[in-house]
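*Asks:* Any chance you could fold what I've pasted below:
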Amino acid sequence: MKYKTLQDINDAKEVISCPGDTLLETIKAKGLSQSDLALRMGRPLKTINEIIMGKAAITPETAIQLERVIGPSAAFWLSYEKQYRLDLAEIAEAEKLMNEADWLLNFPLLAMRKLQWIDFENSILSKMEAILSFLSISGTEGFEPVYQPKFQYADFRTDSRGFNNKFAIASWLRKGELQALELNIAPYSASTFKENLKKIKSLSVIQPDDFFAQLTMLCNEAGVKVVHTPCLPGATLHGSTHWEKDTPVIQLSNRYKRNDIFWFTFFHEAGHILKHGKKATFIEGLQHNPESIKKEKEADEVAIEYILTNEHEAEIRSYFPLSKPSDLNRLAEKYNTHPAFIMGRIARNDIKLNQIGWTLGFFKKIELG
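*Replies:* Numbers count the residues shown, from 1 in each chain. I've put the predicted structure just below:
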């Protein structure tokens, strides 16, 4: 958008040129009246007057007639008319967006710019242009019809302690869509995905430095896209699953940047792919219906099976309290899991035990870039 400020808009209104102005000057220079022009063109005087006033547009037929009667070319008149109408539309659009400035307050624009998702100058119209282009909608009225259905067709794992803003969530989802569109992978194969999840389970136990690269490679082999989209203020999401036509997409935020939380979220989202098809409808924290809650519990159950089964957790608890930290490592090896998964389960909702998990090095900070 070429206008940045209200002054730009007002200046444009002052200098905008209607084809009718030039038409009037031309016929005067040729010694013709509006009535003369109407007669020579075989058009009603009212039509000629409306063209001169800018109320009626110059059509291709009219342009051809003007070329013959007064010149110059029909292309000149059509180009002039086209530019005039575009200028009018741009001014009207800029005024509309200026009047909708409060809509911008819904979005964490500064955070999005810091993440280099969008860029804008310090003006309302620049910010509007940036966010509308990012969301791929022509105006503010397009937000609800485009993004509300996305909330219905994506499965989320959210932080119940956080405040969720649908505009921030929509922005986070949109970034994930854009990231996923850049990936070209094999067609989805449920059988390959199930097989590769066994390898990913092993990966979660050893947690090498390049685990995320290996994780995405194994998912891509099965036709599952995995993207990392950093958190936004107002979008307390751990992860999301949606389908891009026939391709499932797992979007991970790495919220809290803790290894056990990251892996649980991944297997939770994988559970949605395995169990809930292409059109799951639950958003934790935004809607609460029995079917949605049931699906989230099912996804949790999948994650629990891969991370640490309830049966194994019960057995492990029987060993507590442990005499030394190395005992936790031995238990993790015995039950083919990672010490952080045991600590995370045992320390659930216990701030003191969570801190011990960090102090003893069981919890690891994950940085995905």
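*Asks:* Using the three-state scheme, assign Asp119.
*Replies:* Following DSSP: H, G, I helix; E, B strand; the rest coil, Asp119 is assigned to coil.
*Asks:* again, but for Arg345
*Replies:* Arg345 - assigned by three-state DSSP - is helix.
*Asks:* My guess is it contacts Leu308. True?
*Replies:* Yes - here Arg345 reaches Leu308: they are 5.7 Å apart, a contact under C-beta atoms under 8 Å. Where C-beta positions appear, they are placed from N, C-alpha and C, glycine not excepted.
*Asks:* Out of the two, name the residue with the larger neighbour count.
*Replies:* Using other C-beta atoms under 10 Å, the more surrounded residue of Arg345 and Leu308 is Leu308, with 23 against 19.
*Asks:* Quickly note the distance from the more buried one to Gly54.
*Replies:* 73 Å (C-beta to C-beta, to the nearest Å).
*Asks:* Check Ala347 too.
*Replies:* Distance of Ala347 to Gly54, computed by C-beta to C-beta: 72 Å.
*Asks:* How about Ile304?
*Replies:* 69 Å.
*Asks:* where does the stretch 51-200 of the chain have low pLDDT?
*Replies:* By pLDDT under 70, the low-scoring segments of the stretch 51-200 of the chain are 152-163.
*Asks:* Distance-wise, check the residue nearest the centre of the chain relative to Pro145.
*Replies:* With distances taken as C-alpha atoms, centre = their mean, the residue of the chain nearest its centroid is Arg174 (1.1 Å). Applying C-beta to C-beta, the value for Arg174 to Pro145 is 15 Å.
*Asks:* before we move on, what about Met112?
*Replies:* 22 Å.
*Asks:* More neighbours: these two, which one.
*Replies:* For Met112 versus Pro145, neighbours defined as other C-beta under 10 Å are more numerous around Met112 (22 against 9).
*Asks:* and that one, what are its phi and psi?
*Replies:* phi -70, psi -40 (degrees, to the nearest 10).
*Asks:* Surely it is in contact with Ser171?
*Replies:* Yes - using C-beta under 8 Å, Met112 is in contact with Ser171, at 6.3 Å.
*Asks:* shared neighbours of the two, anything?
*Replies:* Residues touching both Met112 and Ser171 (C-beta atoms under 8 Å, 6 or more residues apart in numbering): Ile131, Phe134, Leu232.
*Asks:* Any chance of a ChimeraX selection covering the buried ones in those residues?
*Replies:* To isolate the buried ones among those in ChimeraX, judged by 16 or more other C-beta atoms under 10 Å, type:
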select :131,134,232
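*Asks:* Mind checking which of the shared contacts of Met112 and Ser171 land in helices?
*Replies:* Counting by DSSP state H, the part of the shared contacts of Met112 and Ser171 found in helices is Ile131, Phe134.
*Asks:* got JSON lines for the shared contacts of Met112 and Ser171, with distance to Glu90 too?
*Replies:* Formatted as JSON lines, the shared contacts of Met112 and Ser171 follow (distance: C-beta to C-beta, whole Å):
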{"residue": "Ile131", "distance to Glu90": "18"}
{"residue": "Phe134", "distance to Glu90": "20"}
{"residue": "Leu232", "distance to Glu90": "31"}
